[in-house]
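Participant: kindly generate the corresponding structure for this input.
(one chain, ligands or ions: 1)
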Amino acid sequence: MTTRLMPGLERRLTAEISGGVLFDAFSRGRYATDASHYQMLPVGTVLPRTIAEAERAIAIARAEGVSVLPRGGGTSQCGQAVNASLVIDCSRHLDRMLEFDVAGRRCAVEPGIVLDDLNRALKSHGLWFPVDISTASRATIGGMAANNSCGARSLRYGTMRDNVLAIDAVLADGISAHFGPIASDLSDVPADLRDLAKNLLALGAREAAEIEARFPKVQRRVGGYNLDALLANAPNLSHLLVGSEGTLAFSTRIELKLWPLLGRRAVGACHFGGFRQAMEAVRHIVELGPIAVELVDRTMIELARDIAMFRPTLQQFVRGEPDAILLVEFGEDDFAENQRRLARLHALMGDLGFSWDKAGARYGGVVDVLEGALQTAIADLRTSGLNVMMSMKEAGKPVSFVEDCAVPLEHLAEYTARLTELFERHGTRGTWYAHASVGCLHVRPVLNLRLDQDVKAMRAIAEEAFALVRAYKGSHSGEHGDGIVRSEFHEQMFGSRLVRAFEATNETCSATPRAIAARSGKRRSTGRPIRARAADCWARSRCATTTAPAANRSAAPCARASASPARSAT
Ligand SMILES: Cc1cc2nc3c(=O)[nH]c(=O)nc-3n(C[C@H](O)[C@H](O)[C@H](O)COP(=O)(O)OP(=O)(O)OC[C@H]3O[C@@H](n4cnc5c(N)ncnc54)[C@H](O)[C@@H]3O)c2cc1C
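Facilitator: All right, here's what the predicted structure looks like:
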């Protein structure tokens, strides 16, 4: 007979939660992974049918001294969706739209609603939620808000932080509160939130100079807590919860800003004979006012040519053998204006010295893509970037650990060149794709994590790459969040004073330290503070499920990405 972990906790939950309570070994194994290379067995999982049931589960966990881990689609790449905690899976039942104001362009949703489902419901009203992340078919609004997710069109729409209006959430001590815009004199803050708001604003004021000096000035900064939100003239407290990866509170209702659907767009596929030339061109292209500039590199083109479903798409828009293509999208309301901007793109490429007649690095030009069906097919290819890269047929695979650093555009060419040199010094190469427009490229060095030398190279590459990012005043976490993989580098990137401020934020929000806040994300997975090195997270080369007693558990890296049990992540 299988021995159940914490039978008392399981019994209490089973008696009170109707949506599902999973403590068997098989279910725990399924929830031990997300899309990162970590595996950690949870204590068990609950599938609350209602928000009241979720609140009940949190209360029971608190009473039993167990930390909770909120979870959506489990598509996180940094290990923030795994821990030795009680998992509360919002994706199974907590997926309702609670309010919808078409004229005011806003809605309120439960945390487990999947982005594509939300947008399907909004479409007939001419609206959408435009944080268009690649995992839109599985990722939930709760997970997106917690990770401060960002879509390909963040140049126009910003990140989740720019699109979340308010959040209702449960704090570690069980208090439910509404986090939204507040007057800086706190006159409109409900009594039960006033002390917390006061302490947070005081913390922000105390650290204002350090925040100004140390927070990278790039749009894609999703690392650390959003302490800068506390400095605004009219602060919105929900923006502190955005990006906090479930470590400050459990979101129960998220209010979103909605946008009109995009009309007919014009896309120019800019071809480049040299990768560096493409990187140099990005900042000039962005000045033409596109809504997205997405990179597809030679490796991705070559791999996609071997995949039957993508071959016909490539045949329609790739000319010759470019080293890189930038997909430049214009999305103004007026299609004629989009065509004018596309014409300017052609002129710009000419001014930069690219022509179809040239050989080598200056080979290039623009292929127009005006037909909607082809635009969709190209977007599908781009958003399948990871699948395409992982189709590599060699022992080494592109590994995610420095994959979403962001640097200011003026440094993009230099940064990518130096990172390429760094990979070469460690005997490997990188694959590149995604959000050139905001200096956030998905770069994965090809490594075989079954070889000790490649595990060592991984550690060294991470340390050197983050030093490089810091030198360019960039962000080490530009899209996927901190989780386990990034938190240990906060000290190096933000400085120790700000890391102490992150810890103080966590403590301020969690009157009961063993509850929500004691999990991973902005803290280490074992509950140790954010400053602890996670050397053990990097040193092991094989996929391993942790079975040690809770106190000894560490996150084990695993050389494969895996998905939520509920929804496939890749
Ligand atoms: C192939 C691939 C492509 C990706 N592309 C993108 C991309 O284009 N842009 C991008 O930004 N990201 C991308 N990601 C990362 C990931 O998909 C996003 O971060 C996504 O928003 C996570 O949503 P989720 O529902 O899967 O959340 P999960 O992974 O389940 O959880 C994410 C975090 O949210 C917390 N959380 C979940 N629910 C709640 C709640 N109710 N209250 C408080 N905290 C909660 C969890 O504890 C965790 O810390 C990609 C990942 C993969 C594997």
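Participant: could you use CA atoms for every contact and neighbour count after this?
Facilitator: Noted.
Participant: from residue 307, how far out is residue 221?
Facilitator: Separation of residue 221 from residue 307 (C-alpha to C-alpha, to the nearest Å): 34 Å.
Participant: the more surrounded of these two?
Facilitator: residue 221 (26 against 12; other C-alpha atoms under 10 Å).
Participant: that one touches residue 479, doesn't it?
Facilitator: Yes - between residue 221 and residue 479 there is a contact at 7.4 Å, judged by C-alpha atoms under 8 Å.
Participant: just checking, residue 140 touches residue 118?
Facilitator: No - using C-alpha under 8 Å as the test, residue 140 is too far from residue 118 to be in contact (9.4 Å).
Participant: those two: which is more packed in?
Facilitator: residue 140 (29 against 20).
Participant: low pLDDT regions in the protein?
Facilitator: Under the criterion pLDDT under 70, the flagged ranges of the chain are 1-4, 511-570.
Participant: quick check: residues of this protein near the ligand?
Facilitator: Proximity of the chain to the ligand, by C-alpha under 6 Å from any ligand atom, involves residues 35, 69-77, 80-81, 111, 133-135, 139-140, 142-144, 146-147, 149-151, 245-246, 249-252, 386, 479-480, 521, 569-570.
Participant: among these, which are located in helices?
Facilitator: 142, 143, 144, 146, 147, 386 (DSSP state H).
Participant: top of these by neighbour count?
Facilitator: residue 142 (33 neighbours).
Participant: run through the residues that contact that one.
Facilitator: The neighbourhood of residue 142, defined by C-alpha atoms under 8 Å, 6 or more residues apart in numbering, consists of 72, 110, 111, 112, 113, 251, 254.
Participant: and those residues, which of them are buried?
Facilitator: The neighbour-count test (16 or more other C-alpha atoms under 10 Å) marks 72, 110, 111, 112, 113, 251, 254 as buried among the contacts of residue 142.
Participant: for PyMOL, write a command that selects the buried ones of the residues of the chain next to the ligand.
Facilitator: Those of the residues of the chain next to the ligand that count as buried under 16+ other C-alpha under 10 Å are selected in PyMOL with:
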select buried, resi 35+69+70+71+72+73+74+75+76+77+80+81+111+133+134+135+139+140+142+143+144+146+147+149+150+151+245+246+249+250+251+252+386+479+480+521+569+570
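Participant: CA atoms only: put the longest helix anywhere in the chain into CSV for me.
Facilitator: Secondary structure of the chain per DSSP H: the longest helix is helix 452-471. Coordinates of each C-alpha in helix 452-471 appear next as CSV, following Å, rounded to 0.1, in the frame of the first residue of the first chain:
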residue,chain,number,x,y,z
ASP,A,452,29.6,17.0,-16.6
GLN,A,453,31.6,19.4,-18.8
ASP,A,454,28.4,20.9,-20.2
VAL,A,455,26.8,21.3,-16.8
LYS,A,456,30.0,23.2,-15.7
ALA,A,457,29.8,25.3,-18.9
MET,A,458,26.1,26.1,-18.1
ARG,A,459,27.1,27.6,-14.8
ALA,A,460,30.0,29.5,-16.2
ILE,A,461,27.9,30.8,-19.2
ALA,A,462,25.2,32.0,-16.8
GLU,A,463,27.6,33.9,-14.6
GLU,A,464,29.4,35.5,-17.5
ALA,A,465,26.3,36.3,-19.5
PHE,A,466,24.6,38.0,-16.5
ALA,A,467,27.8,40.1,-15.9
LEU,A,468,27.6,41.1,-19.6
VAL,A,469,23.9,42.0,-19.2
ARG,A,470,24.7,44.1,-16.2
ALA,A,471,27.5,45.9,-18.0
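Participant: tell me the buried residues in it?
Facilitator: 454-459, 461-462, 465-470.
Participant: can you list contacts of it?
Facilitator: Helix 452-471 has contacts (C-alpha under 8 Å, 6+ apart) with 401-402, 405-407, 415, 419, 422-423, 426, 447-449, 475-476, 493, 538-541.
Participant: the same query, at a cut-off of 6 Å, please.
Facilitator: Residues outside helix 452-471 that contact it (C-alpha atoms under 6 Å, 6 or more residues apart in numbering): 447, 448, 449.
Participant: following element in sequence after it, please.
Facilitator: Following helix 452-471 in sequence order, the next helix or strand is helix 483-487 (DSSP states H and E).
Participant: buried ones in stretch 19-34?
Facilitator: So, applying 16+ other C-alpha under 10 Å, buried residues of stretch 19-34: 19-23, 25, 27-34.
Participant: gap between the two ends of it?
Facilitator: Its first and final residues considered, stretch 19-34 spans 22 Å by C-alpha to C-alpha.
Participant: again with stretch 150-166
Facilitator: Start to finish, the residues bounding stretch 150-166 are 18 Å apart (C-alpha to C-alpha).
Participant: got a list of contacts for it?
Facilitator: Contacts for stretch 150-166 (C-alpha under 6 Å, 6+ apart): 131-133, 145, 148-149, 179-180, 238-239, 242, 255-257, 291-292.
Participant: which two among those residues are spaced furthest apart?
Facilitator: Using C-alpha to C-alpha, those span at most 31.1 Å, a distance reached by 179 and 292.
Participant: ok, the two, which is more surrounded?
Facilitator: Taking other C-alpha under 10 Å, residue 179 and residue 292 do not tie; residue 292 has more neighbours (25 against 22).
Participant: so that one touches residue 331, yeah?
Facilitator: No - using C-alpha atoms under 6 Å, residue 292 makes no contact with residue 331, being 8.8 Å away.
Participant: ok so, going back, and which of the contacts of stretch 150-166 is nearest residue 369?
Facilitator: For the contacts of stretch 150-166, the nearest to residue 369 is residue 292 (14.1 Å; C-alpha to C-alpha).
Participant: OK, contacts around the closest one?
Facilitator: Residue 292 sits next to 153, 328, 329 when contact means C-alpha under 6 Å, 6+ apart.
Participant: how about a cut-off of 10 Å?
Facilitator: When contacts are counted by C-alpha atoms under 10 Å, 6 or more residues apart in numbering, residue 292 touches 151-156, 267, 286, 326-331, 434-438.
Participant: show me what counts as buried in stretch 274-289.
Facilitator: 274-286, 289.
Participant: send me that stretch as CSV with only the CA atoms.
Facilitator: The C-alpha trace of stretch 274-289 is given here as CSV (Å, rounded to 0.1, in the frame of the first residue of the first chain):
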residue,chain,number,x,y,z
GLY,A,274,24.7,38.6,-41.4
PHE,A,275,23.3,38.2,-37.9
ARG,A,276,25.1,41.2,-36.5
GLN,A,277,23.8,43.4,-39.3
ALA,A,278,20.2,42.4,-38.3
MET,A,279,20.9,43.3,-34.7
GLU,A,280,22.4,46.7,-35.7
ALA,A,281,19.3,47.4,-37.9
VAL,A,282,16.7,46.8,-35.1
ARG,A,283,16.9,50.3,-33.4
HIS,A,284,16.4,52.0,-36.8
ILE,A,285,13.5,49.8,-37.7
VAL,A,286,11.8,50.5,-34.4
GLU,A,287,11.8,54.2,-35.2
LEU,A,288,9.3,53.5,-38.1
GLY,A,289,6.6,52.6,-35.4
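Participant: pop the domain breakdown of this protein in here.
Facilitator: 97-260, 262-391, 395-480 (automatic domain parsing).
Participant: can I get the ones you listed in JSON lines with distance to residue 56?
Facilitator: Formatted as JSON lines, the domains of the chain follow (distance: least, C-alpha to C-alpha, whole Å):
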{"stretch": "domain 97-260", "distance to residue 56": "9"}
{"stretch": "domain 262-391", "distance to residue 56": "38"}
{"stretch": "domain 395-480", "distance to residue 56": "30"}
